[in-house]
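> what shape does this take:
(one chain, ligands or ions: 1)
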Amino acid sequence: MPTKRIGLYPGSFDPVTNGHLDIAERAFKLCDELHIAVVANPSKNPLFSVEERVDLLKQTTKHLKNVKVSSFEGLLVDYAKEIKANIIFRGLRAVSDFEYEFQMALINRNLHKEIEVVFLVPNEKFIFLSSSSIKEVAKLGGDVSGFVPAVVKRALRDLK
Ligand code: ADP
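Modelled structure (predicted):
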């Protein structure tokens, strides 16, 4: 029997953007079950709490069946083993993502031989998008429509 493809798309998602959702939709098509997981890493000084980030992801991915949203602390490969994921998805934007992602993929493969890391490229209209640029624009009062879903836009506005 073919192995069930269980995907894991990890990230900070602080907050989730249309670029993340583009990658999640592509990953969703490639596996039987997709887990989107917020990495609880307080050293990154996040704007939204883990619970808020999970909640925003749940609201914005509810149209995708078989998507589970969760959070984890610690090593990515340990969480992948725990949920029996056999594919890790990461998004690649411009060259800037490549070096870090390449290094992490090889480290993760050394730590967990059975896992494959798959890089997905978003629609080019999202290639420049990052959570940090969205936070900056929102902080300065700019309009973030088109970059983030409406619930995220509201959440950013409510922070003020
Ligand atoms: P991390 O802190 O793990 O990089 P992010 O939330 O910034 O978390 O990103 C999670 C994943 O989504 C990473 O693989 C990142 O490259 C990818 N990603 C983020 N924004 C985009 C985008 N606009 N297009 C494609 N991939 C993206």
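
> Val39 is in contact with Ser70, isn't it?
No - contact between Val39 and Ser70 fails when scored by CB atoms under 8 Å: they sit 10.7 Å apart. Every residue, glycine included, has its C-beta placed from N, CA and C.

> output the contacting helices and strands for the host helix or strand of Ala37.
Taking DSSP states H and E as the definition, Ala37 sits inside strand 33-39. Counting by 3 or more CB pairs under 8 Å, 6 or more residues apart in numbering; DSSP states H and E, the packing neighbours recorded for strand 33-39 are strand 6-11, helix 18-30, helix 50-60, strand 67-72.

> what pairs with that strand, and is each one parallel or antiparallel?
Strand 33-39 pairs in its sheet with strand 6-11 (parallel), strand 67-72 (parallel), by DSSP bridges.

> ok, the helix or strand of the chain with the lowest mean pLDDT near the ligand or not?
The weakest-scoring helix or strand in the chain, judged by mean pLDDT, DSSP states H and E, is helix 95-111 (a mean of 90). Yes - contact of helix 95-111 with the ligand (CB under 6 Å from any ligand atom) involves Asp97.

> any weak-confidence spans in this protein?
The chain contains residues with pLDDT under 70 at 1-2, 160.

> how about the contacts made by Val67?
24, 28, 34-36, 61 (CB atoms under 8 Å, 6 or more residues apart in numbering).

> beta partners of Cys89?
In this structure residue 89 is Phe, not Cys. Judged by DSSP bridges, the bridge partners of Phe89 are Val118.

> among the helices and strands packed on strand 33-39, which is nearest Asn123?
helix 18-30 (5.4 Å; CB to CB).

> which elements pack onto the closest one?
strand 6-11, strand 33-39, strand 87-91, strand 116-120.

> off-centre distance for it?
Put simply, helix 18-30 sits 9 Å off its chain's centre (CA atoms, centre = their mean, to the nearest Å).

> how about stretch 74-93?
Stretch 74-93 has its C-alpha centroid displaced from the chain centroid by 11 Å (CA atoms, centre = their mean).

> so which residues on this structure come close to the ligand?
Contacts of the chain with the ligand, taken as CB under 6 Å from any ligand atom, map to 11-13, 17, 19-20, 23, 39, 90-91, 93, 97, 122, 126, 129-131.

> can you list the contacts of Val67 in CSV and add neighbour count and distance to Ala138?
Output for the contacts of Val67, formatted as CSV (neighbours: other CB atoms under 10 Å; distance: CB to CB, whole Å):
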residue, neighbour count, distance to Ala138
Ala24, 25, 21
Phe28, 21, 27
Leu34, 26, 28
His35, 23, 28
Ile36, 29, 22
Thr61, 22, 21
